[in-house]
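K.L.:
Give me coordinates for this.
(chains A, B, C and D, ligands or ions: 4)
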There are 2 protein chains.
Amino acid sequence: MLTISKENYLKAIYKHREGENLPVPASYIADELQVSNAAISKMAKTLSNKGLLEYQKHKGVRLTDEGEKFALKVIRRHRLWELFLINVLGLTWAEVHDEAEKLEHSTSEFLINKMDKFLGFPKFDPHGSPIPDRNGKLPELPSVLKMSECEAGKTYRVARVQDGDSQLMKYLTRIGINLNTEITILEKFSFDHSINVEMKGHHYLLSEKVVDRIWVADE
Amino acid sequence: MLTISKENYLKAIYKHREGENLPVPASYIADELQVSNAAISKMAKTLSNKGLLEYQKHKGVRLTDEGEKFALKVIRRHRLWELFLINVLGLTWAEVHDEAEKLEHSTSEFLINKMDKFLGFPKFDPHGSPIPDRNGKLPELPSVLKMSECEAGKTYRVARVQDGDSQLMKYLTRIGINLNTEITILEKFSFDHSINVEMKGHHYLLSEKVVDRIWVADE
DNA sequence: ATACAAATTTAACCATGGTTAAAATAAAAA
DNA sequence: TTTTTATTTTAACCATGGTTAAATTTGTAT
Ligand SMILES: [Mn+2]
Ligand SMILES: [Mn+2]
Ligand SMILES: [Mn+2]
Ligand SMILES: [Mn+2]
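P.N.:
Ligands and ions are numbered 1, 2, ... in the order given. Model (predicted):
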């Protein structure tokens, strides 16, 4: 069994690339986990000695197959917990991430499989992120694009949002953005990358920070 | 927030006395937490400096009011999790303790209160142990006696069992002992403290180890 | 009262996962 | 190509929560 710290490192590394296995720079991990760069260098060695990372000095780290397996386990637990807390206990979009961040390290394989079954073997979590199955296999991903790359004039459907920032989640809830919400792009402003949209009869000017954290699909 | 270790220490100390606030010997805690006596001495100082324990060398430790408050919070989380896992996910009597032992340290006040409400503010956990409410108040305890102190010839109802040993829990399940099971004491053997009982038409010889971990009430 | 045994505490040590400050390396600019 | 800046690594240090072995205290028998 890995420690909580090690699980968080592997998850952070996986999240950065999510798909392609490109080297992840130390500073990204440091930022994500809120620790110093020095801590990353040290842990990179440790995890690399355990065979979970490929690590060459000054070249960032990459997950080995073994490392990826562990990362996917943690992500599976995280995402199943988020869905479970919403479906069963009625928590909100904005509330589940922080709870899942802790529960993901205290959940046995046995328990998470029970939860998975209870939920009907879901393929996506409440933020639209894919849930690895018990073998670590991800579902086929729908084709999505970042809202910042949308075409003006077209209408899209929200397919995924970046969770983790509960402020952002509250804001989205507040203005009524949820998974599958239909949004029409009215105008894109290149000087600050904000986007003017129409949604349920209302107009909103969404800042760069927001449109960079929402993925949409053709309706 | 306390660390996982500190939460476990406080819980272990509370569990030893469960009611009267008598000093708890170091060796009991060491045994319960599977650490050395030396670790207990050190932690006793630490927790006493934090105002959670009264500690005088060679005289054991006692929880302060503050310490007891924290212990009860951990116990609340533990017992609510056990009930939740049985009621919602269908885990068994024998399975829940170990899961709860980990989840109890990763559950926010917010989440545990949601669970409490979801379960209908239960007063007892699946093993018959009382659940502290959100203010740390315990329900009134039913009058029970240890099975080892029962009278031959009388019939009792199982009111509480000591969880924590999953082997024991499996054994009890195996022979059909559950909360509220009716048991008639046939004969007590003083030479090894075993007891011969009748239950659902079957006879069983229960060892001292077993009868010492079951509490019953008059039917 | 003395000796012995048991329980407890101290001392010295260790692994883990952090920190800050300095050194080294890589990348970007001049 | 040289200089400057940004990133990463190393070094020295620290807190936490463990360990074992030795010393101390307490309780029990003689
Ligand atoms: Mn999340
Ligand atoms: Mn986490
Ligand atoms: Mn339990
Ligand atoms: Mn525990």
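K.L.:
Can you check my assumption that A:Tyr156 lies in a helix?
P.N.:
No. A:Tyr156: not assigned to a helix; according to DSSP: H, G, I helix; E, B strand; the rest coil it is strand.
K.L.:
I'd like to know how many residues surround it.
P.N.:
For A:Tyr156, the count of nearby residues is 22 (other CB atoms under 10 Å in any protein chain shown). Glycine gets a C-beta too; all of them are placed from N, C-alpha and C.
K.L.:
In terms of helices and strands, where is the nearest residue to it once chain neighbours are set aside?
P.N.:
Counting by CB to CB, 6 or more residues apart in numbering or on different chains, the nearest residue to A:Tyr156 once its immediate chain neighbours are dropped is A:Val216, at 3.7 Å. Element membership of A:Val216, judged by DSSP states H and E, is strand A:214-218.
K.L.:
what packs against that strand?
P.N.:
strand A:145-146, strand A:155-161 (3 or more CB pairs under 8 Å, 6 or more residues apart in numbering or on different chains; DSSP states H and E).
K.L.:
please redo it, this time with the cut-off set to 10 Å
P.N.:
For strand A:214-218, the packing partners by 3 or more CB pairs under 10 Å, 6 or more residues apart in numbering or on different chains; DSSP states H and E come out as strand A:145-146, strand A:155-161, strand A:182-189.
K.L.:
mind listing what's buried in the helix or strand encompassing A:Thr173?
P.N.:
A:Thr173 belongs to helix A:166-175 when elements are defined using DSSP H and E. Within helix A:166-175, the residues that count as buried by 16 or more other CB atoms under 10 Å in any protein chain shown are A:168-169, A:171-172.
K.L.:
how about A:Pro142, what does it touch?
P.N.:
A:124, A:128, A:130, A:159-160, A:215, A:217-218 (CB atoms under 10 Å, 6 or more residues apart in numbering or on different chains).
K.L.:
Just the pLDDT for it.
P.N.:
In this prediction, A:Pro142 carries a pLDDT score of 95.
K.L.:
for A:Trp93, same thing?
P.N.:
The score at A:Trp93 is 92. That number is its pLDDT.
K.L.:
That one - how many residues pack around it?
P.N.:
Using other CB under 10 Å as the criterion, A:Trp93 is surrounded by 20 other residues.
K.L.:
check contacts around the nearest residue to it once chain neighbours are set aside.
P.N.:
Closest residue in space to A:Trp93, ignoring its immediate chain neighbours: A:Met169 at 5.1 Å, by CB to CB, 6+ apart. By CB under 10 Å, 6+ apart, A:Met169 lies in contact with A:92-97, A:126-127, A:161-163, A:177, A:213.
K.L.:
swap the cut-off to 7 Å and go again
P.N.:
Applying CB atoms under 7 Å, 6 or more residues apart in numbering or on different chains to A:Met169 gives the contacts A:93-94, A:163.
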